[in-house]
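Participant: here is a sequence with its predicted model. Questions after.
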Amino acid sequence: MVLERPEAREVDAAHQLLAHFAAKHGLSDLRHGDGPGEIIVDVDEGRTYFDVVSFEDDVQGSVGWRPDVVPSGAPDANPGRPVGTADTNAA
Amino acid sequence: MTPQQRRQARIELWAAEDALARISELTGEGRERYDLEADRRAHLRYLWIVAGSRLKNHSTVLGITRAAGGFAPAIALRNKLAYTAPGRIDDGQVWVTSVEDAPVLANRSAPCARFGGRGSSAEDRPAPAVRATGQRRWRAITIRAANFGVWPRRHSCSPCR
């Protein structure tokens, strides 16, 4: 299975939609991760991986690409700048 | 749908239920061991992959959408666990998912056993690989009830309509 992953600018452009779906599924503090389309999130108390994948499904259904969501508790999660903020490292 | 398809779909569902039951057994043994033993954490991930794969096959054989069967999150979780690097999986969240969602999912899949149609029965089911625990026995009872048509319909799985 090969998935199209979005570029960081596509993720930033959709930040309002992402925030809407994130709130629906109990996810917060969306940040860019290391990989393409990777978003690091905090998972609220009482929410589960089913919420994480449902968030991915909702986003894919709306914008056509699927983010790779990683809970911030994962050992290799490396949260970067918040989603929707300017990338100061961009050329 | 042919009888062979029904039987195949039923076998897929039973395999998923076995995996979900094993997940419940593992969580019943406590969080402490889960946190201490890497093998146990890996095993729980594996069981979710098995459950999701079998539910995916079940939906495919029946020709229903994953959402219609109510199995979409389990199948998506299967994909995530199977394709994501281990270091990017939060085992704490896998535990919470196992405790919160596995029993609900097992309950949701039970009425689907009815789709076996005429002549089907729980006796068709392959013998479990391990001795039945109380939980497994209870699940067998609920499946039997579903096959005899006394189990309430809880979702929109097309064969259950």
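Facilitator: Great, that's in hand. Numbering: from 1, shown residues only, chains lettered A, B, ... in the order given.

Participant: part of a helix, is B:W48?
Facilitator: Yes - counting by DSSP: H, G, I helix; E, B strand; the rest coil, B:W48 is part of a helix.

Participant: so how far is chain A from it?
Facilitator: In this view, B:W48 and chain A are 8 Å apart by CB to the nearest CB, to the nearest Å. To be clear about C-beta, it is placed using only N, CA and C from the backbone, and glycine gets the same treatment.

Participant: how far does stretch A:16-30 sit from the chain's center?
Facilitator: A distance of 8 Å separates the centroid of the chain from that of stretch A:16-30, by CA atoms, centre = their mean, to the nearest Å.

Participant: which residues touch that stretch?
Facilitator: Contact with stretch A:16-30 is made by A:11, A:15, A:39-44, A:46-47, A:51-52, A:54-55, A:58-59, A:62-63, A:67, A:69, A:72, A:79, A:82-84, as judged by CB atoms under 8 Å, 6 or more residues apart in numbering or on different chains.

Participant: if you set the cut-off to 6 Å instead, what comes out?
Facilitator: Outside stretch A:16-30, the residues that touch it by CB atoms under 6 Å, 6 or more residues apart in numbering or on different chains are A:I39, A:V41, A:D42, A:D44, A:R47, A:D51, A:S54, A:F55, A:D58, A:V59, A:S62, A:V83.

Participant: what helices or strands is the helix or strand containing the first one leaning on?
Facilitator: So that's A:I39. A:I39 is part of strand A:38-43 when elements are defined by DSSP states H and E. Where contact means 3 or more CB pairs under 6 Å, 6 or more residues apart in numbering or on different chains; DSSP states H and E, strand A:38-43 is packed against strand A:27-32, strand A:68-71.

Participant: can we see that at 8 Å?
Facilitator: Under the contact criterion of 3 or more CB pairs under 8 Å, 6 or more residues apart in numbering or on different chains; DSSP states H and E, strand A:38-43 touches strand A:27-32, helix A:49-63, strand A:68-71.

Participant: most tightly packed of the ones you listed?
Facilitator: Mean neighbour count, computed with mean count of other CB atoms under 10 Å in any protein chain shown, is highest for strand A:68-71 among the helices and strands packed on strand A:38-43, reaching a mean of 24.

Participant: partner strands of that strand, with direction?
Facilitator: Neighbouring strands of strand A:68-71 in its sheet, by DSSP bridges, are strand A:38-43 (parallel).

Participant: ok, the closest residue to chain B within chain A - how many residues close by?
Facilitator: Nearest to chain B, among the residues of chain A, is A:D76, at 3.2 Å (CB to the nearest CB). With neighbours defined by other CB atoms under 10 Å in any protein chain shown, the count for A:D76 comes to 12.

Participant: pLDDT wise, what is it at?
Facilitator: Note on A:D76: pLDDT of 95.

Participant: with B:R40 instead?
Facilitator: Predicted confidence (pLDDT) for B:R40: 96.

Participant: same thing with B:Q5?
Facilitator: For B:Q5, the model assigns a pLDDT of 89.

Participant: my guess is it contacts B:V61, does it?
Facilitator: Yes - the criterion here is CB atoms under 8 Å, and B:Q5 meets it with B:V61 at 5.5 Å.

Participant: of those two, who's got more company?
Facilitator: A direct count of neighbours by other CB under 10 Å for B:Q5 and B:V61 places B:V61 higher, at 19 against 13.

Participant: show me what contacts the residue nearest the centre of chain A?
Facilitator: Residue closest to the mean C-alpha point of chain A, counted by CA atoms, centre = their mean, is A:I39 at 3.2 Å. Counting by CB under 8 Å, 6+ apart, A:I39 touches A:V11, A:L18, A:L30, A:R31, A:H32, A:G33, A:P67, A:D68, A:V69, A:V70, A:V83.
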